[in-house]
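Enquirer: Okay, structure incoming, though there's no sequence with it:
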């Protein structure tokens, strides 16, 4: 199985970064969002990931 880390097309609040991380690891996106809230440099990390993670292809 060849999984790739991508921004989510379906589970996104702002850019789909947390949804993409949750889909990759198979966990809840709510938990990933909580982790981002409590990280001290969360805005910087989120901006970097939003600009570097490729978007997932849209599904029908």
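Expert: Received, thanks. These figures come from a predicted structure and were not determined experimentally.
Enquirer: so what's the spatially most central residue of the chain up against?
Expert: The C-alpha lying nearest the average C-alpha coordinate of the chain belongs to residue 17 (Cα atoms, centre = their mean; 2.3 Å). Applying Cβ atoms under 8 Å, 6 or more residues apart in numbering to residue 17 gives the contacts 7, 46, 49, 50, 53. In short, each C-beta sits where N, CA and C put it, glycine included.
Enquirer: which phi and psi does the third one have?
Expert: If I follow you right, that is residue 49. When read as degrees, to the nearest 10, the backbone of residue 49 gives phi -70, psi -40.
Enquirer: which residue packs closest to it, ignoring adjacent ones?
Expert: Closest residue in space to residue 49, ignoring its immediate chain neighbours: residue 17 at 4.7 Å, by Cβ to Cβ, 6 or more residues apart in numbering.
Enquirer: Flag the shaky bits of the protein, pLDDT-wise.
Expert: Along the chain, the model assigns pLDDT under 70 to residues 1, 60.
Enquirer: And the helices in it?
Expert: Along the chain, counting by DSSP state H, helices occupy 17-25, 29-38, 42-52.
Enquirer: Please identify the deepest-packed of these.
Expert: Mean neighbour count (mean count of other Cβ atoms under 10 Å) peaks for helix 17-25 among those, with a mean of 21.
Enquirer: Identify the residues contacting the nearest residue to residue 29 once chain neighbours are set aside.
Expert: Spatial nearest neighbour of residue 29, excluding adjacent residues (Cβ to Cβ, 6+ apart): residue 22 at 3.9 Å. Applying Cβ under 8 Å, 6+ apart to residue 22 gives the contacts 8, 11, 28, 29, 31, 32.
Enquirer: just residue 53 next, same as before
Expert: Listed by Cβ under 8 Å, 6+ apart, the contact set of residue 53 reads 5, 6, 7, 17, 20.
Enquirer: what's the answer for residue 28, then?
Expert: residue 22.
Enquirer: can you check residue 29 too?
Expert: Contact analysis of residue 29 by Cβ under 8 Å, 6+ apart lists 8, 11, 18, 19, 21, 22, 23.
Enquirer: so how far is residue 40 from the last one?
Expert: From residue 23 over to residue 40 the distance is 25 Å, taken as Cβ to Cβ, to the nearest Å.
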